[in-house]
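Student: model the following, please.
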Amino acid sequence: MANVTEVSQSKVVELLEIEGGEKVIVFGAGNGDLVIPIAHKTKDRVTALEKDEALLDKLALRAEEETLSNIDRMPSGLGRLNFPDASFQRGLAAFVLDSTDDPELAAKEMYRITIEKGFMVALGFAKDQSEDLVADKLENAGFEVSKGQLDEEIYYVKAYKA
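Tutor: The predicted structure is shown next:
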């Protein structure tokens, strides 16, 4: 997970439009740089998926330090997800959708677990030129997408489920 500045963190939380009662899933949770501010913002659960269990342990410590009890940690990448359809109002794929083995499957699964009128935000590095690829995968999965820049280095794709 990239080093995300405080400014970027608040921009990401803004992009997610969390009003306080949303269930949120974070793919590529890392050590929690984005999970922690999201967990502070919603009263509901935040599900943090990360392949690297050592990073999940760091996230657990950080959550404990900040007395956050609404974070569920799961060692998992992007692929077939063990969640029912329409499980989450919001989702964040932080620097993982452009590097997963099967971005088409990942995008379809993201669509499946998002409720109607919910959305996912995918982040990536502008230098990787993967913005259009990520947008296409999400669009092909059924989302309506819009693209933008978080800052010079990081792009986002916002994927809305109508």
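
Student: use CA for all of it now, contacts and neighbours both
Tutor: Will do.

Student: first to last residue in stretch 149-157, what's the distance?
Tutor: This stretch, stretch 149-157, spans 9 Å end to end (C-alpha to C-alpha, to the nearest Å).

Student: which parts of that stretch are buried?
Tutor: By 16 or more other C-alpha atoms under 10 Å, the buried positions in stretch 149-157 come out as 150, 154-157.

Student: for those residues, point out the one with the lowest pLDDT.
Tutor: Note: of these, the lowest pLDDT belongs to Leu150, at 88.

Student: what sits against that residue?
Tutor: 8, 11-12, 156 (C-alpha atoms under 8 Å, 6 or more residues apart in numbering).

Student: tell me how far it lies from Gln9.
Tutor: To Gln9, Leu150 is 10 Å away according to C-alpha to C-alpha.

Student: same question for Ala93.
Tutor: 14 Å.

Student: check which element follows the longest strand along the chain along the chain.
Tutor: The longest strand of the chain (DSSP state E) is strand 114-125. Next along the chain after strand 114-125, taking DSSP states H and E as the criterion, comes helix 131-140.
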